[in-house]
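Chemist: with the input below, show me the fold.
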Amino acid sequence: MSTDAQTPPNEAASPNGAAEPTPLAHKILLVTDAWEPQVNGVVRTLSSTNNELKAMGCEVEVISPADYPNTVPLITYSEIRLALGARDDVEDRFLAFAPDAVHIATEGTLGWDARAICLKHKFPFTTSYHTQFPEYVTARFNWIPLWAGYRFMHAFHDKSGRVMVATPTMQKQLELQGFRNTAIWSRGVDIEQFHPRLRGIDGGIYPADLPRPIFAYVGRVAVEKNIEAFLKLDLPGSKVVVGGGPALDELKTKYPTATFTGPKFGEELARHYADADVFVFPSFTDTFGLVILEAAATGTPVAGFVAPGPQDILPGTGAGIVDDDLQKACLEALKLKREDARALAERYSWRACAEDFRRNLEPLPKERGRRFWHKLADLRKRAKERRRIAREKREAERARGSAKA
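Modeler: Next comes the predicted model:
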């Protein structure tokens, strides 16, 4: 299915040939292997979208690893827990909730469970492409060919009604890899949390003796983020890396003149963005780079490679420089006006992000939806009963535990 030819998700052809709006999804089932308390761009995107959908009056059911005790860490990304043996419960929740639309956000165990359940019941679903997984895997394990990663991604997304991607560059990149069902789902930023007023509070968050200008990277410290391309540069002032990850100790040893702060959160994180002079984004494997908007929201201009994210967000805005020469991009970004960076961020809102997401869901038409759930009424009844029995069992076990204590 080519996105150039398909009908927009909120429109359908009427008998007289005119486009008529189809109802947007009200009850949305979101299945994700990445969720709170994890801290990353995927979680921020899903959590913020969820909050906006609820504010718009939607009812959202989230299925995540936080719901299941039996989990294992994802190899090379231990912050992400993969739920095991959850398929029956996921199916029960799907049947009990009776959603208008199902969105499967990640390609982990819960994602595969949800995909199998939707296919079993012939229920349409959408997916999203948050990480350049094939490039990520090849960067970590160079003996795994790129084509193998794309074969895995095709297997996961091939039955999706829409694969939501963050930028036109990612859309084109996936289409070159044979994906024909993509749609744009942009991102947002909290322009109150990340704000220029934070710059220079109490003399600034960086030590007074740290040479200026300050070039900062914020994000996970891992090989696929290409941080060494930044740390190797011959730049004036100081290089700062904010974040944690598996490559942190190695990079601290290899680049002793750089400052490594470890992970930061909340206002402290926002101040690190605000007090930097240039934010450096060296990644080639991100699909958007939410941190670009967070930096820009504080007024800090951005330097990046010609890659998905920077090349979609920055050119022509005055908020950053994109170049194949990252050193040149960093030095040119120093000359930019901070107010232009802030102006860029103000164009992105989580409400607009949520509206894009909802339009892309393609819920079942109202009448077909009624027939679908009427047909599955008996399965839904049995699913509710199983969940009631399981809930009572858990409560009984907790009561026995309290009595023993």
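
Chemist: next up, the contacts around Ala247.
Modeler: Counting by Cβ atoms under 8 Å, 6 or more residues apart in numbering, Ala247 touches Val221, Ala222, Val223, Ile227. For glycine as for every other residue, the C-beta is placed from the backbone atoms N, C-alpha and C.

Chemist: quick one: which of those is most hemmed in?
Modeler: For these, the largest number of neighbours (other Cβ atoms under 10 Å) sits with Ile227, at 26 neighbours.

Chemist: what pLDDT does the model give that residue?
Modeler: Looking at Ile227, its pLDDT reads 97.

Chemist: and it, how far is that from Ser349?
Modeler: Ile227 sits 29 Å away from Ser349, taking Cβ to Cβ, to the nearest Å as the criterion.

Chemist: try Ala307
Modeler: Counting by Cβ to Cβ, the separation of Ala307 from Ser349 is 24 Å.

Chemist: which one's more surrounded, the two?
Modeler: Between Ala307 and Ser349, counted using other Cβ under 10 Å, Ala307 has the larger neighbour count: 21 against 18.

Chemist: does the more buried one touch Phe284 like I think?
Modeler: Yes. Under the criterion of Cβ atoms under 8 Å, Ala307 makes contact with Phe284 at 4.7 Å.

Chemist: in TSV: the contacts of Ala247, plus distance to Ala66 and secondary structure.
Modeler: Below are the contacts of Ala247 laid out as TSV (distance: Cβ to Cβ, whole Å; DSSP: H, G, I helix; E, B strand; the rest coil):
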residue	distance to Ala66	secondary structure
Val221	24	coil
Ala222	23	coil
Val223	28	helix
Ile227	29	helix
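
Chemist: helix or strand for the closest residue to Ala276 other than its chain neighbours, which one?
Modeler: Nearest non-adjacent residue to Ala276, counting by Cβ to Cβ, 6 or more residues apart in numbering: Ala216, 3.7 Å away. Element membership for Ala216, per DSSP states H and E: strand 214-218.

Chemist: past that strand, which element shows up next along the chain?
Modeler: Next helix or strand after strand 214-218 toward the C-terminus (DSSP H and E): helix 227-231.

Chemist: buried set for that next one?
Modeler: Within helix 227-231, the residues scored as buried using 16 or more other Cβ atoms under 10 Å are Ile227, Phe230, Leu231.

Chemist: so what touches the next helix or strand along the chain from that helix?
Modeler: Next along the chain after helix 227-231, taking DSSP H and E as the criterion, comes strand 238-242. Contacts with strand 238-242, where a contact means Cβ under 8 Å, 6+ apart, come from 206, 210-219, 221, 227, 230-231, 233, 251, 255, 257-264, 269, 272, 276.

Chemist: buried subset of the residues you listed?
Modeler: Applying 16+ other Cβ under 10 Å to the contacts of strand 238-242 flags 206, 213-219, 221, 227, 230-231, 233, 251, 255, 258-261, 264, 269, 272, 276 as buried.

Chemist: give me the element the residue nearest the centre of the chain is part of.
Modeler: The chain has Val42 as the residue nearest its centroid, 2.3 Å off, counting by Cα atoms, centre = their mean. Using DSSP H and E, Val42 sits within helix 41-55.

Chemist: counting contacts, what elements does that helix pack onto?
Modeler: strand 27-31, strand 59-63, helix 290-297, helix 350-360 (3 or more Cβ pairs under 8 Å, 6 or more residues apart in numbering; DSSP states H and E).

Chemist: and the third one, C-alpha only, in CSV?
Modeler: Think helix 290-297. C-alpha atoms of helix 290-297 as CSV (Å, rounded to 0.1, in the frame of the first residue of the first chain):
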residue,chain,number,x,y,z
LEU,A,290,13.6,14.3,20.6
VAL,A,291,16.7,15.8,22.4
ILE,A,292,17.1,18.2,19.5
LEU,A,293,13.8,19.9,20.4
GLU,A,294,14.5,19.9,24.1
ALA,A,295,17.8,21.7,23.5
ALA,A,296,16.2,24.1,21.1
ALA,A,297,13.4,24.8,23.6
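
Chemist: and Arg370, how far from Lys384?
Modeler: From Arg370 across to Lys384, the span is 19 Å (Cβ to Cβ).

Chemist: kindly apply the preceding question to Gln177 instead.
Modeler: Gln177 is 42 Å from Lys384, by Cβ to Cβ.

Chemist: any chance of the contacts of Ala247 in CSV, with distance to Glu79 too?
Modeler: Shown next, in CSV, are the contacts of Ala247 (distance: Cβ to Cβ, whole Å):
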residue, distance to Glu79
Val221, 12
Ala222, 11
Val223, 16
Ile227, 17
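
Chemist: tell me the one among the residues you listed nearest to Arg151.
Modeler: Nearest to Arg151, judged by Cβ to Cβ, of the contacts of Ala247 is Val223 at 22.4 Å.

Chemist: please tell me how far that closest one sits from Pro310.
Modeler: From Val223 to Pro310 the distance is 19 Å (Cβ to Cβ).

Chemist: all helices of the stretch 101-250 of the chain, in order?
Modeler: Taking DSSP state H, counting those that start in this stretch to define them, one finds helices in the stretch 101-250 of the chain at 109-120, 133-140, 146-157, 168-176, 227-231, 248-254.

Chemist: buried residues in the first one, which are they?
Modeler: Neighbour counts using 16+ other Cβ under 10 Å place Thr109, Leu110, Gly111, Trp112, Asp113, Ala114, Arg115, Ile117, Cys118 of helix 109-120 among the buried residues.

Chemist: contact partners for the second one?
Modeler: Okay, so that is Leu110. Contacts for Leu110 (Cβ under 8 Å, 6+ apart) come out as Val31, Thr32, Asp33, Ile63, Ser64, Pro65, Leu82, Ala83, Ala86, Val90.

Chemist: cutoff 10 Å now
Modeler: Contacts for Leu110 were tallied using Cβ atoms under 10 Å, 6 or more residues apart in numbering; they are 31-35, 63-65, 67-68, 71, 82-84, 86-87, 90, 104.

Chemist: inside strands: which ones of these?
Modeler: Counted as lying in strands by DSSP state E, out of these, are Val31, Ile63, Thr71, Leu82, Ala83, Ile104.
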